[in-house]
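Visitor: Quick one, fold the following:
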Amino acid sequence: AGPSRRLRRCLLLLALTWGATFVPSPAQALQRIALRRMPSIRQTLREMGVKVREVFPELRRGSRGGGLGPRNGTAPTPLTNYLDTQYFGEISIGTPAQTFKVVFDTGSANLWVPSYRCSPLYSACVSHSRYDSSKSRTYIANGTGFAIRYGTGSVKGVLSQDIVVVSDIPIIQVFAEATALPAFPFIFARFDGVLGMGFPSQAIDGITPVFDRILAQQILREDEFSVYYSRNAPLNPGGEIILGGSDPAYYTGDFHYLNVSRSGFWQISMKGVSVGAEILFCREGCSVAVDTGASYITGPAGPVSVLMKAIGATEVAEGEYVVDCEQVPQLPNISFHLGGKVYALGGPAYVLRQSQYGEDVCVVAFSGLDIPPPAGPLWILGATFIAHFYTKFDRRHNRIGFATAR
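Guide: Okay, here's the model as predicted:
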């Protein structure tokens with residue numbers, strides 16, 4: 001009877017707190033989440049003069065675990081290890097609201113944030129915002145253990161339930177309080193937690209994902225969301241996720257759609273990767289994930305190495321490549337053949353100008369990673385691609401759409 005009473009109290013507080021302010025209407029059918037762009041973990045380490053693979057030996061070529069998280073008994077999900085994630089948005093949990101910066105990640109489907117119960121011995125917890133259930137009137141204990149394993153360590157904790165607010169939309173959500181966070185890589189992360197935007201089949205412990213809770217309210221114009229990453233930092237330093245549709249101000253032309261190739265995952269089929277006019281890989285087809293939790297474009301280590309040689313890049317660390325900054329405008333296009341269309345990125349689009357020891361370094365936003373079967377081999381299109389091709393994730397029709405970004 002206790003949990004039932006608490007749930008009724010939670011529902012009552014939800015109605016009292018939000019009922020007067022949140023009334024679905026056509027004007028609210030598009031819900032916007034502002035994104036901020038901040039230095040990634042890899043960029044932070046590079047500025048410190050530290051090589052990523054010295055800190056994370058699991059990521060060395062040939063390691064089968066690197067970057068594959070999360071792993072669990074229900075649905076192993078290939079996605080990034082967040083080393084290159086740059087875009088974060090804010091959500092709140094609890095009553096009164098506790099605010100967190102999270103990665104909106106299409107490669108996973110669970111929500112987790114650091115817990116106030118996380119031991120100070122875990123320095124990564126102390127350096128981030130932590131959820132304190134004792135300060136929330138709408139908290140309901142669950143207590144089920146939770147673990148999610150990444151290539152660089154495990155996030156462990158317990159499940160809890162509370163009111164989560166995303167873009168002014170309140171939902172009652174089961175999420176994970178992380179009570180154990182590995183120092184590497186999370187001590188260097190500028191985000192607090194992860195909000196998975198993947199399918200329910202990807203969710204650990206059968207938890208209904210946040211976006212599905214929102215869909216159940218039937219307040220969105222369409223059962224979809226779109227992701228825009230700004231390339232004009234002075235005007236818009238981050239980007240925007242739009243729940244329920246897309247914004248024509250962010251793209252030109254029309255969307256071109258590809259059906260999801262693997263049920264329950266944001267993956268599509270690719271029919272070629274080319275440098276200039278020559279198709280080098282995937283001529284017979286290969287799988288590619290469109291991952292908002294990644295910044296780089298990732299592919300099998302062998303093909304990526306060949307790709308980098310074709311553009312004249314130098315490998316400065318295992319799987320990390322640079323080019324002469326003066327040569328960037330002359331670099332050949334790297335193109336991806338998707339659904340009968342060619343999506344080309346020029347040198348300035350796939351090279352990131354970063355700082356190391358106070359000097360500019362031009363880093364190629366490609367990384368080699370061998371993901372073993374059954375999840376792999378797999379290519380991953382991250383923010384480097386999405387920034388140039390505004391991306392729509394359509395749950396109703398199980399498809400992904402691309403349009404040329406403004």
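Visitor: now the helices for the stretch 201-350 of the chain?
Guide: 210-216, 301-310, 347-350 (DSSP state H, counting those that start in this stretch).
Visitor: right, I mislabeled it, should have said the stretch 51-200 of the chain
Guide: 52-55, 123-126, 183-186.
Visitor: The second one - what's its average pLDDT?
Guide: Taken as a whole, helix 123-126 carries a mean pLDDT of 88.
Visitor: Find the centremost residue of the chain, please.
Guide: Among the residues of the chain, the one closest to the centroid is Gly293, at 1.7 Å (CA atoms, centre = their mean).
Visitor: Can you give me every residue that contacts that one?
Guide: 79-80, 82, 85, 103-108, 194, 382 (CB atoms under 8 Å, 6 or more residues apart in numbering). For the C-beta atoms, the positions are set from N, CA and C on the backbone; glycine is no exception.
Visitor: I'd like the distance between it and Phe393.
Guide: Applying CB to CB, to the nearest Å, the value for Gly293 to Phe393 is 13 Å.
Visitor: Need the overlap of contacts for these two.
Guide: Thr106.
Visitor: Neighbours of the spatially closest residue to Ala249 that is not a sequence neighbour, how many?
Guide: Nearest residue to Ala249, sequence neighbours excluded (CB to CB, 6 or more residues apart in numbering): Arg406, at 7.1 Å. Arg406 is flanked by 14 other residues according to other CB atoms under 10 Å.
Visitor: What residues does Arg406 make contact with?
Guide: Arg406 touches 249-252, 390, counting by CB under 8 Å, 6+ apart.
Visitor: Average pLDDT for the lengthiest strand in the chain, rounded please.
Guide: In the chain, assigned by DSSP state E, the strand with the most residues is strand 153-166. For strand 153-166, the mean pLDDT works out to 94.
Visitor: and it, which residues are buried?
Guide: 153, 155-166 (16 or more other CB atoms under 10 Å).
Visitor: Counting neighbours, which bits of stretch 286-302 end up buried?
Guide: Within stretch 286-302, judged by 16+ other CB under 10 Å, the buried ones are 286-301.
Visitor: In CSV, list the C-alpha atoms belonging to it.
Guide: Below are the C-alpha coordinates for stretch 286-302, written out as CSV (Å, rounded to 0.1, in the frame of the first residue of the first chain):
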residue,chain,number,x,y,z
CYS,A,286,27.3,-2.2,-44.8
SER,A,287,25.5,-1.0,-41.6
VAL,A,288,25.7,2.5,-40.2
ALA,A,289,24.4,3.9,-36.9
VAL,A,290,23.3,7.5,-36.7
ASP,A,291,24.5,8.5,-33.2
THR,A,292,23.9,11.8,-31.5
GLY,A,293,26.1,10.6,-28.6
ALA,A,294,29.2,10.7,-30.9
SER,A,295,31.0,13.6,-32.5
TYR,A,296,33.4,11.7,-34.8
ILE,A,297,32.6,9.5,-37.7
THR,A,298,33.7,6.0,-36.8
GLY,A,299,34.4,2.9,-38.9
PRO,A,300,36.3,-0.4,-38.8
ALA,A,301,40.0,0.3,-38.1
GLY,A,302,41.3,-1.1,-41.4
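Visitor: sorry, back to before: mind checking which of the helices of the stretch 201-350 of the chain is nearest Pro170?
Guide: helix 210-216 (9.8 Å; CB to CB).
Visitor: what packs against the closest one?
Guide: strand 153-166, strand 169-180 (3 or more CB pairs under 8 Å, 6 or more residues apart in numbering; DSSP states H and E).
Visitor: Can you tell me what sits against it?
Guide: 111, 164, 166, 169, 171-173, 195-197, 200, 220, 223, 225, 243, 395.
Visitor: ok, 10 Å please
Guide: 31, 91, 102, 104, 106, 109-111, 164, 166-167, 169-175, 195-200, 203, 207-209, 220, 223-225, 243-244, 393, 395-396 (CB atoms under 10 Å, 6 or more residues apart in numbering).
Visitor: Produce a ChimeraX select command limited to the buried residues of the residues you listed.
Guide: In ChimeraX, this line selects whichever of these come out buried by 16+ other CB under 10 Å:
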select :31,91,102,104,106,109,110,111,164,166,167,169,170,171,173,174,175,195,196,197,198,199,203,207,209,220,223,224,225,243,244,393,395
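Visitor: Where does pLDDT dip in the stretch 51-200 of the chain?
Guide: Counting by pLDDT under 70, the stretch 51-200 of the chain contains low-confidence residues at 51-81, 150-153.
Visitor: hang on, the earlier thing: most tightly packed of the helices of the stretch 201-350 of the chain?
Guide: helix 210-216 (a mean of 20; mean count of other CB atoms under 10 Å).
Visitor: show me the contacts for Thr252.
Guide: 390, 403-406.
Visitor: Tell me how far it lies from Phe389.
Guide: 11 Å.
Visitor: Show me whatever sits in contact with both of those two.
Guide: 403-405.
Visitor: Report the buried members of those.
Guide: If we count by 16+ other CB under 10 Å, the shared contacts of Thr252 and Phe389 have these buried: 403, 405.
Visitor: mind listing which of the shared contacts of Thr252 and Phe389 are in strands?
Guide: Short answer: the shared contacts of Thr252 and Phe389 in strands (DSSP E) are 403-405.
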